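A.B. asks: Mind looking at a prediction? Sequence and model below.
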Amino acid sequence: MRRPANRIPDASNAAVATLLGGRGGKNKQPGKQKRLLFMKREILTAAMGVAVAGLMVTGASAATLDDVKAKGFVQCGVSQGLPGFSNPDDQGNWSGIDVDLCKALAAAVFGDATKVKFTPLSAKERFTALQSGEVDLLSRNTTWTMSRDTTLGLNFAGVNYYDGQGFMVRKSLGVKSALELSGASVCTNTGTTTELNVADYFRANKMEYEIVAFEKADEVVAAYDAGRCDVYTTDQSGLYAQRLKLTNPDEHVVLPEIISKEPLGPAVRQGDDQWFDIVKWTHFAMVNAEELGVTKANVDEMANSENPEIKRLLGKEGEFGAAIGLSNDWAYNIIKQVGNYAEVFDANVGPATPLAIARGKNDLWTRGGLQYAPPIR
Amino acid sequence: MAAVEHASAGGAPKVAIFNDPRIRGAAIQILLVVLIVFLIWGMVSNAATNLARAGIASGFGFLNVTAGFGINISPFVEYSETSSYGRVYLVGLQNTLVVAITGIILATVVGFIVGIARLSTNWVVSKLAYAFVEVMRNIPLLLWIFIWYFSVLRLLPDKAAPIDFGPFGLLNIAGYYAPKAVFGPGAGWIGLALLAGILASIVIYRWARAGLIVGLPLVAYVLTGFPLSFELPTTSRFGPRGGARIYPEFLGLLVALSFYTAAYIAEIVRAGILAISHGQTEASYALGMRRGHTLRLVIIPQAMRVIIPPLTNQYLNLTKNSSLAVAIAYPDLVSVFAGTTLNQTGQAVEVLLMTMLTYLALSLLTSLFMNWFNAKMALVER
């Protein structure tokens, strides 16, 4: 320990003397000169290193598929815990419809739905994480808006859940409609569309309000639960999910009003059309599978179907997988390992789960819902 | 090569150019500057190219765009949802300054009290101060913020059932609602009278200073026909309305920041006092001074010279630590500007650059002030 500690100030003095063009020459000793040369080489190497590093600071490279294949897994940005959408259990296993989309993507790319890793992101961090290449896909109950699509350098690859913003209040307040909320204090997350919608809604209805915006959803729930706010607002699905975390879920009611359109969907970086296509068609394959009646259970039997649409979906006809840089059984792997859209919905947020959300707008277009996938042909 | 030829031809022993320490020194310095300029230029142009390629907007035009979101706490700056992002920046800066300045004052007061208490000969007082210091500084600040905020929330009564202090306002979980001063026409004279009272007191400070500060505004108050009234908060379905309000978010953050920093300040104060030779105390006693006078007139003035430089550090830390506000919904600069604004506009480079420069400026200003104060307190040798 002692030796290097003694040496460093000595050497740096010499370096300083050199840099200052000082009088180092006067009392030069042979040993010192050697060390001086050595220092210079070190400085030069370090400087070159820094210069090279500076030149290498470029964004994530264009071909995400190649990167993903090279590292062997999909890095997926999810929420920090929203039951039904992306939530870790006590063993750290993630589940939810956003998580299943990531798994489906891994199944399509690798034929193995387990080759995916999750990065929990706050609402605030999420876009930067995607822009900087930290995650390959942002599947984090994120609302598709024009400004996000255009100015943030992202592309939204579809809508895996049609949502709308709602309000939750205590039953004891006796509020029946959101229009009675003038003067209330409202808890929500910062950096979300929720914050903007609530401002618009109260302004449009000439009502007063006080916004209390936290960074993490857990603190929002804690503050609302403690009684700091009268109202908790977020996407309606989120309200049902977060209500489960309250001390007495039965004492709270979700108001009927939906004050905004919140199409939630996966986002990828702009400028990589191939990866964009893969994510888009991963979602479409699941919706198409539901429409064609292909499920996790019957997919093997369906592979022998005579229906040309099913044949194209499962890769028995045509070269659709190759067209997006994947194997031909990409959709087969998705359905076999993750399931079709209805199965994913029912398993995570459907009537049989604690969230008990009806299909509603998320039903297939054939049954009056909004889920509609372009045909595979 | 010319130098070498020259050296062989001439009589005096000449050194080759690349061995001349002065030239070599200059060359290395020039090289360093060129390298740094090149690096910075490289980074800037790289960032610009990357942003353009990724289709991310850039520039400072966003500062004039309507923000569209609400901010609940803005005591001085006028703000509504229709204000611009530039205004959001001002609101954030204001809230950061408010919590930093009040925090610094509170931390200094508490820190000095605890620091002196640690040196007390009273066993209980000194151990209590010791426990305060150890508990405060050995738990992460973010945890303290949560503890104070959520414990403050849990302690306060429900919105529907506030504690009523009558003419002094209401207290409930959403904060303390104080009576708000409403100034009528001619109220400006009261302020002027207050100012005049303070000035006059400074000029003739030996005589009845408090009388002037209170008396002059009172005379003005009566002469202008009682233009000052107080608006009391009223209750409603969603808790009290109106009045001047202190928010629990502010209170939680303020207490957490100032107690945490006070623990460090206490140790600095203790170190400063212990640095003064015991002979000073003995000499002071020998002159017949009492304990309080000794501390106030002999020890502290000398200890200040030791205390001020590390104290500056703690002030800077407190200001910078106030950026943890976002965790408990206090709308400081990092929360509303480097948080919400960044998220809505996506212009991370510009927003973060502005935020960083702001904190840098705040820190430099604090240092500048403390350096001035330090120079003033330094022993002037005659």
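C.D. replies: Right, received. Where do you want to start? Every value quoted in this text rests on a predicted model; they were computed, and no experiment measured them.

A.B. asks: domain parsing for chain A?
C.D. replies: A:2-56, A:64-162+A:264-367, A:165-260 (automatic domain parsing).

A.B. asks: To chain B, which of those lies closest?
C.D. replies: Closest to chain B of the domains of chain A, according to CB to the nearest CB: domain A:2-56, at 2.2 Å. C-beta: built from backbone N, CA, C; applies to glycine.

A.B. asks: Rounded mean pLDDT for the closest one, please.
C.D. replies: Computed over domain A:2-56, the mean pLDDT rounds to 44.

A.B. asks: likewise stretch B:30-49?
C.D. replies: Stretch B:30-49 carries an average pLDDT of 91.

A.B. asks: now swap in stretch A:221-238 and tell me
C.D. replies: For stretch A:221-238, the mean pLDDT works out to 91.

A.B. asks: That one close to chain B?
C.D. replies: Yes: Stretch A:221-238 reaches chain B (CB under 8 Å from any CB of the partner chain) through A:A222, A:A223, A:A226, A:G227, A:R228, A:D230.

A.B. asks: Surely the third one touches B:L153?
C.D. replies: Just to be clear, that refers to A:A226. Yes: counting by CB atoms under 8 Å, A:A226 touches B:L153, with 4.3 Å between them.

A.B. asks: Between the two, which contacts overlap?
C.D. replies: Counting by CB atoms under 8 Å, 6 or more residues apart in numbering or on different chains, the residues touching both A:A226 and B:L153 are B:I173.

A.B. asks: what about the most centrally placed residue in chain B, which helix or strand?
C.D. replies: The centroid of chain B falls nearest to B:A100 when counting by CA atoms, centre = their mean (2.8 Å). For B:A100, the element it lies in under DSSP states H and E is helix B:85-118.

A.B. asks: follow-up on the earlier one: distance check, the residue nearest to the centre of chain B against A:E215.
C.D. replies: For B:A100, the distance to A:E215 (CB to CB, to the nearest Å) stands at 20 Å.

A.B. asks: same question, B:A361
C.D. replies: Distance of B:A361 to A:E215, computed by CB to CB: 25 Å.

A.B. asks: Same question for A:P88.
C.D. replies: The separation that A:P88 has from A:E215, given CB to CB, amounts to 19 Å.

A.B. asks: So between those two, which is more surrounded?
C.D. replies: Legend: neighbour count by other CB atoms under 10 Å in any protein chain shown for A:P88 and A:E215, higher for A:E215 (24 against 16).

A.B. asks: which ones are touching the closest residue to that one other than its chain neighbours?
C.D. replies: What sits nearest to A:E215 in space, not counting adjacent residues and going by CB to CB, 6 or more residues apart in numbering or on different chains, is B:V326, at 4.7 Å. Contacts here follow CB under 8 Å, 6+ apart; on that basis B:V326 touches A:T190, A:F214, A:E215, B:D332, B:V334, B:S335, B:G339.

A.B. asks: Stretch B:66-75: end-to-end distance?
C.D. replies: With CA to CA, to the nearest Å as the measure, stretch B:66-75 spans 20 Å from end to end.

A.B. asks: Quick one: mean pLDDT for that stretch?
C.D. replies: For stretch B:66-75, the per-residue pLDDT averages 88.

A.B. asks: In three-state terms, label the closest residue to A:V231 other than its chain neighbours for me.
C.D. replies: Spatial nearest neighbour of A:V231, chain neighbours left out: A:V186 (4.5 Å); criterion: CB to CB, 6+ apart. Under DSSP: H, G, I helix; E, B strand; the rest coil, A:V186 falls in the strand class.

A.B. asks: Pairing-wise in the sheet, spell out the partners of A:V186.
C.D. replies: Following DSSP bridges, A:V186 is listed with bridge partners A:I211, A:V231.

A.B. asks: wait, what's in contact with it?
C.D. replies: A:F167, A:V198, A:Y209, A:E210, A:I211, A:V212, A:C229, A:D230, A:V231, A:Y232, A:T233.

A.B. asks: let's see 10 Å
C.D. replies: Residues near A:V186 by CB atoms under 10 Å, 6 or more residues apart in numbering or on different chains: A:167, A:169, A:194-195, A:198-199, A:201-202, A:209-213, A:224, A:229-233, B:70, B:72.

A.B. asks: Keep only those of those residues that are in helices.
C.D. replies: Of these, the ones assigned to helices by DSSP state H are A:T194, A:E195, A:V198, A:A199, A:Y201, A:F202, A:Y224.

A.B. asks: Quick one, grab the pLDDT at the third one.
C.D. replies: It refers to A:V198. On the pLDDT scale, A:V198 is placed at 92.

A.B. asks: Quick check, it in contact with A:C229.
C.D. replies: No: assessed by CB atoms under 10 Å, A:V198 is found out of contact with A:C229, at 11.6 Å.

A.B. asks: Right, I'll leave it there.
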